[in-house]
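**Q** sequence first, then the predicted structure:
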Amino acid sequence: MTPFECVGFPFLTDEDFDTLVPSTIEKMMPEARRLPCPAGAEGWSYRDPSGAGILAYTARDEEGGHRRLQCLKPVFYGGSRQSVLAGRLVEAEDCPFCDVARVMVLDAAGTEIHPLVVRFSDPEFRRFSWKEGRRGRLQSTLFATEIGDLAGDLPGEGLLPTGAAADPPEPVAALSGRVVLSHRRTNALGGGKFVWLQVATPPGEYDVVVPAALLPAAPPPGTPVKVSGKVYARWFKE
């Protein structure tokens, strides 16, 4: 499973990136929004009615004269918000359009709960505006590629930042909680189906997106769930 499948984009293999991705980008262009980029690059943001989205960045190939895809990221526009304290950006990213950061999740009283590592997939995020120590809010979405027992051994309800101790830190986590809201959706651009969940854990609520191949139906509120996968986030400064 890939994170793109979690929001209904059928990008599974290298061949898909050579065929499906260019045609998908071409289809989204009439509704896509241009993003500010360094000289020689172009960035585009598309938001689907399902809440799924995609960020695509291209750069000119000086030898061939055509544009080549440099970065492609899935997005989900959800409603959860987590209060956090901004930490350091991870310096291991080779892509100029990818930013991974450490944050500390806070409870309603401002007490530090647990660390989290996120990859920003946010058309509004700008690296130069990130200030270590600043308080803000994230909309963190777990793009689930494992569910149930395959998601790992969590001691109880909560979020486990499984990538926080890696070197360099990785934006992956496991989450266990109860469904607050859920909906089975269809990505109008990508054509795939996925299930969106808003999951409550003791520190707060998180958005979760799961491919329909893993979770065919939306579970009712109160259903216990356990998932693991990559964490993508949007940033809202206070």
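**A** Nice, I can see it. The shown structure was predicted, so the numbers you read here are calculated from the model rather than taken from an experiment. Residues are numbered from 1 along each chain as shown.
**Q** what comes up buried for the strand or helix carrying residue 20?
**A** Residue 20 belongs to helix 14-28 when elements are defined using DSSP states H and E. For helix 14-28, burial by neighbour count (16 or more other Cβ atoms under 10 Å) applies to 20-21, 24-25, 28. Placement of C-beta: from N, CA and C, glycine included.
**Q** so which of the residues you listed comes closest to residue 110?
**A** residue 28 (40.2 Å; Cβ to Cβ).
**Q** residue 228 reaches residue 172, doesn't it?
**A** Yes. Applying Cβ atoms under 8 Å, one finds residue 228 in contact with residue 172, separated by 7.2 Å.
**Q** common neighbours of these two, please.
**A** Counting by Cβ atoms under 8 Å, 6 or more residues apart in numbering, the shared contacts of residue 228 and residue 172 are residue 162.
**Q** list the contacts for residue 81?
**A** Residue 81 makes contacts with 137-139, 204, 236, as judged by Cβ under 8 Å, 6+ apart.
**Q** would you point out the most distant pair within the residues you listed?
**A** The most distant members of those, if one measures by Cβ to Cβ, are 204 and 236, lying 14.4 Å apart.
**Q** looking at the two, which is more packed in?
**A** Legend: neighbour count by other Cβ atoms under 10 Å for residue 204 and residue 236, higher for residue 204 (19 against 13).
**Q** look up the residues forming beta bridges with the residue lying closest to the more buried one once chain neighbours are set aside.
**A** If you skip the residues right next to it in sequence, residue 204 has residue 82 as its closest partner in space, 5.6 Å away by Cβ to Cβ, 6 or more residues apart in numbering. Counting by DSSP bridges, residue 82 forms beta bridges with residue 138.
**Q** residues near residue 82, how many?
**A** By other Cβ under 10 Å, the residues close to residue 82 number 22.
**Q** rewinding a little: next structured bit after the helix holding residue 20?
**A** Next along from helix 14-28, by DSSP H and E: strand 33-35.
**Q** parallel or antiparallel, list what pairs with the helix or strand following that next one.
**A** On the C-terminal side of strand 33-35, the closest following helix or strand by DSSP H and E is strand 41-47. When pairs are called by DSSP bridges, strand 41-47 turns out to pair with strand 33-35 (antiparallel), strand 52-60 (antiparallel).
**Q** give the rounded mean pLDDT of the helix holding residue 20.
**A** Confidence for helix 14-28, expressed as mean pLDDT, is 87.
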